[in-house]
Structure formats: C-alpha cells, structure tokens
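> here's my sequence, what's the structure:
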Amino acid sequence: MKSLEELDKIRQQAKEEMKLRDNDEEIRINIPMSTCGISAGAREVLNVISEELDRQEIDNVTLNQRGCIGLCHYEPIVEVKESDQEVVTYGNITPEGARRIIEEHIVNGQIIEELVIK
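So this is what the prediction gives:
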C-alpha cells in the first residue's frame with residue numbers, strides 16, 4: 001500500500017504528463033468522432049490539430065473526442081470552447097481548415113467566420 005504522499009506524487013506526475021490544467025485559461029477543442037465524422041475525415045482533422053498543438057508547443061488546450069452532435073452533414077466538426085465564452089462550432093473542416101483554426105483562432109484569437117456553423 002502506498003502512502004498518501006506517494007499517491008499524491010503519482011497523481012501530480014500523471015497530471016503533468018497528460019498536460020491537464022486546473023485553471024480557467026484552458027481552451028477545449030472537441031471533435032465528434034462517431035461513424036459519420038470518421039467517414040468524413042474527422043480522424044485526419046484530429047491528427048492535424050494534435051500535431052499543430054505539439055509543433056507550436058501550445059499547452060493550454062485540451063483536445064477531446066466526443067460522440068455525434070446530430071449535425072452529420074457538417075462533418076468533420078471542430079468545437080472550440082474558451083473559458084467564459086460560447087462554444088464556436090466549425091463545420092466541413094479539412095486538414096487545412098484545422099491548421100487555420102489553430103493559427104487564427106487558438107493562437108491569434110480570431111474566429112474564422114466562414115467556417116462557423118450558423
């Protein structure tokens with residue numbers, strides 16, 4: 001049996017390795033990965049976003065997979081949720097669109113209106 005101190009150390013270490021943050025500055029990116037999303041290219045979009053976050057060393061973003069949100073004709077979809085702001089939902093995202101979301105929205109704080117689902 002581990003002591004509470006040892007368990008706390010393990011927890012902290014795992015938290016750092018997974019790049020989780022307990023602050024309100026975090027940005028969450030959700031990508032629906034149901035069958036319709038995957039068949040439309042969501043896996044490639046997810047991979048591009050993950051690679052861009054790593055390449056640019058962006059560590060205040062959590063990338064999540066989620067289920068269908070019922071907008072299959074807009075797949076692949078990328079949702080961006082910043083603290084204290086409404087979710088921005090982008091549709092029909094290509095790998096190039098995924099790169100734009102990271103560069104323009106995440107890095108520069110500009111919503112890409114022509115990609116937003118309205």
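> grab the nearest non-local neighbour of the spatially most central residue of the chain.
Geometric centre of the chain, nearest residue: residue 29, 2.3 Å, by C-alpha atoms, centre = their mean. Nearest non-adjacent residue to residue 29, counting by C-beta to C-beta, 6 or more residues apart in numbering: residue 63, 5.1 Å away. Just so you know, the C-beta spots here come from the backbone N, C-alpha and C atoms, and that holds for glycine as well.
> could you look up the SS state of the one you found?
Here residue 63 takes the strand state, with states given by DSSP: H, G, I helix; E, B strand; the rest coil.
> so who does it touch?
29, 31, 46, 49-50, 53 (C-beta atoms under 8 Å, 6 or more residues apart in numbering).
> where along this protein do the helices fall?
Applying DSSP state H to the chain gives helices spanning 4-17, 35-40, 42-55, 95-100.
> and those helices as a markdown table, adding mean pLDDT?
Formatted as a markdown table, those follow (pLDDT from 0 to 100):
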| stretch | mean pLDDT |
| --- | --- |
| helix 4-17 | 78 |
| helix 35-40 | 96 |
| helix 42-55 | 97 |
| helix 95-100 | 99 |
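> distance to residue 72 for the ones you listed - can I get that in JSON lines?
Below are these laid out as JSON lines (distance: least, C-beta to C-beta, whole Å):
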{"stretch": "helix 4-17", "distance to residue 72": "35"}
{"stretch": "helix 35-40", "distance to residue 72": "4"}
{"stretch": "helix 42-55", "distance to residue 72": "11"}
{"stretch": "helix 95-100", "distance to residue 72": "17"}
